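In: My questions are about this predicted structure, shown below with the sequence.
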Amino acid sequence: MIHCPSLRRLFCLVLLPTLLAGCAKVDILNAMIRTDNVTIRRDIAYGPEPRQHLDIYYPKPAPTRPPVVVFFYGGSWQWGAKDDYLFAAQALASQGAIVVVPDYRLYPQVTFPGFLDDGAAATAWTLKHVDEIGGDPRAVFLAGHSAGAYIAVMLALDQEYLNRAGVSTSQLAGAVGISGPYDFLPLTRPDVKKIFEVVPDMAVTQPIHYARTDTPPLLLLTGEADTTVGPYNTHHLADRLRSLGAPVEDRYYPDVDHVDSVIALTWLFRDRAPVLADIHVFIAAHELPLAIGGTETRDTAR
């Protein structure tokens with residue numbers, strides 16, 4: 001499915017099988033990514049636990065008050081590490097955004113909703129420190145791939161997580177989900193059952209359950225050839241939000257599978273799908289308005 005001349009052939013032969021097998025190590029891909037156009041601050045604590053740390057990627061040269069993207073990586077809520085996602089952070093930073101990549105606790109350390117609590121804490125840290133890190137408080141976005149898309153979209157839809165963390169979904173300019181699971185009942189994978197079948201009402205684990213009219217704008221992206229997280233997840237959530245009059249855009253990329261959709265962020269595979277370009281356009285279009293008195297909020301009556 002991925003055409004592999006030269007460096008792409010090396011990636012496909014050596015790295016792609018490990019990604020498909022669920023391995024989080026992407027050292028080969030990251031070795032091909034330039035870092036001279038970003039400044040990286042590593043291992044900033046947003047909580048007391050070892051996995052409650054984040055990295056920040058600054059575009060270089062840094063624009064004045066750029067947008068901020070909090071990016072959550074995937075890994076079936078069971079694996080993943082922020083250091084492995086240099087390729088995604090660099091791609092987003094190359095478009096002029098400050099990119100925050102948090103680690104979060106994984107199964108078996110936590111089950112649902114522990115990783116959402118961590119995502120909310122990392123988002124709250126970003127919102128509370130946005131001036132300090134030099135970002136635009138009117139342009140803070142959540143984004144993620146796969147299980148990370150679940151976290152980003154769930155935090156945008158279910159207001160309780162950010163409220164408990166001391167912030168609000170109204171402070172978000174938008175959220176981007178790449179190949180995310182949003183409507184995945186009944187559970188069929190035994191490993192995922194262990195993570196989510198810890199609550200009596202499984203509906204509360206589903207992002208689509210929290211679809212509402214006044215959600216932050218959402219951009220939902222997926223590949224039509226994704227057999228890991230079926231495109232119906234994006235279809236169902238986008239259709240539900242549209243039926244409520246909520247702001248949502250969805251994109252479906254032909255011949256793109258679950259891995260393609262995230263590695264398409266990189267220069268090496270950018271011709272697979274316009275994922276980065278679509279995110280860039282979405283971010284540019286959804287800065288929050290400046291309210292009277294200088295407080296940045298969403299006017300939910302619009």
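Out: Arrived safely. Numbering: from 1, shown residues only.
In: which element follows the helix or strand bottoming out on mean pLDDT in the chain toward the C-terminus?
Out: Among the helical and strand segments of the chain, the one scoring lowest on mean pLDDT, DSSP states H and E is helix 16-20, with a mean of 47. Using DSSP states H and E, the next helix or strand after helix 16-20 towards the C-terminus is helix 27-31.
In: Can you name every helix or strand that that next one contacts?
Out: Counting contacts by 3 or more C-beta pairs under 8 Å, 6 or more residues apart in numbering; DSSP states H and E, helix 27-31 is packed against helix 86-93. Just so you know, the C-beta spots here come from the backbone N, C-alpha and C atoms, and that holds for glycine as well.
In: contacts for the helix it packs on?
Out: Under the criterion C-beta atoms under 8 Å, 6 or more residues apart in numbering, residues 26, 29-30, 33-35, 37-38, 55, 57-59, 69, 71, 73, 99, 101, 143, 145, 262-263, 265-267, 276, 279 lie in contact with helix 86-93.
In: Those residues in strands, which ones?
Out: Assignment to strands by DSSP state E places the following of those there: 38, 55, 57-59, 69, 71, 99, 101, 143, 145.
In: Tabulate these (CSV), appending neighbour count, pLDDT and distance to residue 124.
Out: CSV is the format used below for these (neighbours: other C-beta atoms under 10 Å; pLDDT from 0 to 100; distance: C-beta to C-beta, whole Å):
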residue, neighbour count, pLDDT, distance to residue 124
38, 21, 97, 24
55, 20, 98, 17
57, 28, 98, 19
58, 20, 98, 20
59, 19, 97, 23
69, 31, 98, 16
71, 28, 99, 16
99, 28, 98, 17
101, 27, 98, 16
143, 27, 98, 16
145, 30, 98, 22
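In: which one of these sits closest to residue 245?
Out: Residue 245 lies nearest to residue 143 out of the ones in strands among the contacts of helix 86-93, by C-beta to C-beta, at 23.4 Å.
In: Tell me which residues of stretch 261-268 come out buried.
Out: Of the residues in stretch 261-268, 261-266, 268 count as buried by neighbour count, 16 or more other C-beta atoms under 10 Å.
In: Stretch 203-219 now?
Out: When burial is assessed from 16+ other C-beta under 10 Å, stretch 203-219 yields the following buried residues: 205-211, 214-219.
In: and which of those is nearest to residue 183?
Out: The closest of those to residue 183 turns out to be residue 208 (C-beta to C-beta; 4.3 Å).
In: if you skip the residues just before and after it, what's nearest to that closest one?
Out: Taking C-beta to C-beta, 6 or more residues apart in numbering, and ignoring the residues beside it in sequence, residue 208 has residue 183 as its nearest neighbour in space, at 4.3 Å.
In: and the one you found, helix, strand or coil?
Out: Reducing the assignment at residue 183 to three states with DSSP: H, G, I helix; E, B strand; the rest coil gives coil.
In: Buried residues, stretch 94-112. List them.
Out: Residues of stretch 94-112 classed as buried: 94-95, 97-107, 110-112 (neighbour count, 16+ other C-beta under 10 Å).
In: And stretch 47-64, by the same measure?
Out: Of the residues in stretch 47-64, those scored as buried under the neighbour-count criterion (16+ other C-beta under 10 Å) are 47, 49, 51-59.
In: In TSV: these, plus distance to residue 191.
Out: TSV is the format used below for those (distance: C-beta to C-beta, whole Å):
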residue	distance to residue 191
47	25
49	22
51	19
52	23
53	25
54	26
55	27
56	31
57	31
58	36
59	37
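In: Which pair in those has the greatest spatial separation?
Out: Between any two of these, the greatest separation by C-beta to C-beta is 29.2 Å, found for 49 and 59.
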